[in-house]
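Engineer: Build me a model:
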Amino acid sequence: MAELPVDTKSPAQQARAVTRACKTASLATTMAGQNGQPYASLVLVAFDHDAAPILLISRLAEHTKNLLGNDRVSLLCDGTAGLAEPLTGPRVSLLGRAAKTEDPRHRARFLARHPSAEMYAGFGDFAFYHLTIERAHIVAGFGKIHWLDDYLYPGETEKLIDAESGILEHMNIDHADAVQLYAQKLLGRSGDGWSLCGIDAEGCDLIRENDLARLNFGRTIATADEARIELVRLVKQARSA
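Structural biologist: You can find the predicted model right below:
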């Protein structure tokens, strides 16, 4: 997983760093008519600016049938990929309720992160779902375990939401070389053609074909000007790496 922000202090911020880096997650729902039998499945996941999960799922899928009968869900986000001992790595379980959403921002953020989903996002049986998180549980390694009631990002997001598309367009068109530096020098990713597909108060998401990478900021941001300052700082850091 990507390095945590340098100002990481709280388990909640650590949990968001884990979840925002995930491309997929395990969704647990309750099966109808099966005496409450739990059912787990693999889903693609994106995250809103406050780190609430967004899903695109078909009503023909078992998990969707389940949550239409019981909207309580749990989502496991695994940050242990590549570790020789996975149980020493971080993972986060999010508990809450799933509801269908038609918010254009949710659709845009999901498809920016998973562009191949565009081909079926318009099918009649597919819909976007937003998860309202009630509690979270982070295991950041042996003995580093916390229940969280404050998982969601608490800071201001509105100004950054309004500026996001402009920031992404500017960086991808006018500063594509900087984005490559982020991927190659700061995140150790190979290949050319990386682009920014999302930015939030705590970091930005990079994409190249089917590969996704998360770059956490050294400080939280709330405006386009603050984003510019942090992105410039990261370019300087990458060039001196």
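
Engineer: Show me the shaky parts of this protein.
Structural biologist: 1-8 (pLDDT under 70).

Engineer: where exactly do the helices run in the protein?
Structural biologist: With helices called from DSSP state H, the chain shows them at 11-20, 62-69, 104-113, 118-121, 158-174, 176-181, 224-239.

Engineer: Show me what counts as buried in the longest strand belonging to the chain.
Structural biologist: Counting residues, the longest strand in the chain under DSSP state E turns out to be strand 126-139. The neighbour-count check on strand 126-139 (16 or more other Cβ atoms under 10 Å) flags F126, A127, F128, Y129, H130, L131, I133, A136, H137, I138, V139 as buried. C-beta: built from backbone N, CA, C; applies to glycine.

Engineer: so that strand versus helix 62-69, what angle?
Structural biologist: Per axes from the mean of the first three to the mean of the last three Cα atoms, to 10 degrees, the angle that strand 126-139 makes with helix 62-69 is 90 degrees.

Engineer: strand partners of strand 126-139, parallel vs antiparallel please.
Structural biologist: Sheet pairing of strand 126-139 (DSSP bridges) gives strand 53-58 (antiparallel), strand 91-101 (antiparallel), strand 145-148 (antiparallel).

Engineer: Let's have the buried residues of strand 126-139 in JSON lines, adding distance to D150.
Structural biologist: Below are the buried residues of strand 126-139 laid out as JSON lines (distance: Cβ to Cβ, whole Å):
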{"residue": "F126", "distance to D150": "32"}
{"residue": "A127", "distance to D150": "29"}
{"residue": "F128", "distance to D150": "25"}
{"residue": "Y129", "distance to D150": "23"}
{"residue": "H130", "distance to D150": "19"}
{"residue": "L131", "distance to D150": "16"}
{"residue": "I133", "distance to D150": "10"}
{"residue": "A136", "distance to D150": "9"}
{"residue": "H137", "distance to D150": "13"}
{"residue": "I138", "distance to D150": "12"}
{"residue": "V139", "distance to D150": "17"}
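
Engineer: List just the nearest of those residues to H114.
Structural biologist: Lowest distance from H114 to the buried residues of strand 126-139 (Cβ to Cβ) belongs to F128, with 11.4 Å.

Engineer: Go ahead and confirm that closest one touches K100.
Structural biologist: Yes - applying Cβ atoms under 8 Å, one finds F128 in contact with K100, separated by 7.0 Å.

Engineer: Against Y120, how distant is A21?
Structural biologist: 25 Å (Cβ to Cβ, to the nearest Å).

Engineer: for G36, same thing?
Structural biologist: In terms of Cβ to Cβ, G36 sits 31 Å off from Y120.

Engineer: Next: L131.
Structural biologist: Here L131 is placed at a distance of 20 Å from Y120 (Cβ to Cβ).

Engineer: cool, and H175?
Structural biologist: Distance of H175 to Y120, computed by Cβ to Cβ: 32 Å.

Engineer: Looking only at neighbour counts, state which of the two leads.
Structural biologist: Per other Cβ atoms under 10 Å, whichever of H175 and Y120 has more neighbours is H175, with 16 against 11.

Engineer: how about that one, what does it touch?
Structural biologist: For H175, the contacting residues are L231, V235, by Cβ atoms under 8 Å, 6 or more residues apart in numbering.

Engineer: A32 now?
Structural biologist: With contact set as Cβ under 8 Å, 6+ apart, A32 has these partners: K65, N66, G69, N70.

Engineer: 10 Å - rerun?
Structural biologist: Y39, E62, K65, N66, L67, L68, G69, N70 (Cβ atoms under 10 Å, 6 or more residues apart in numbering).
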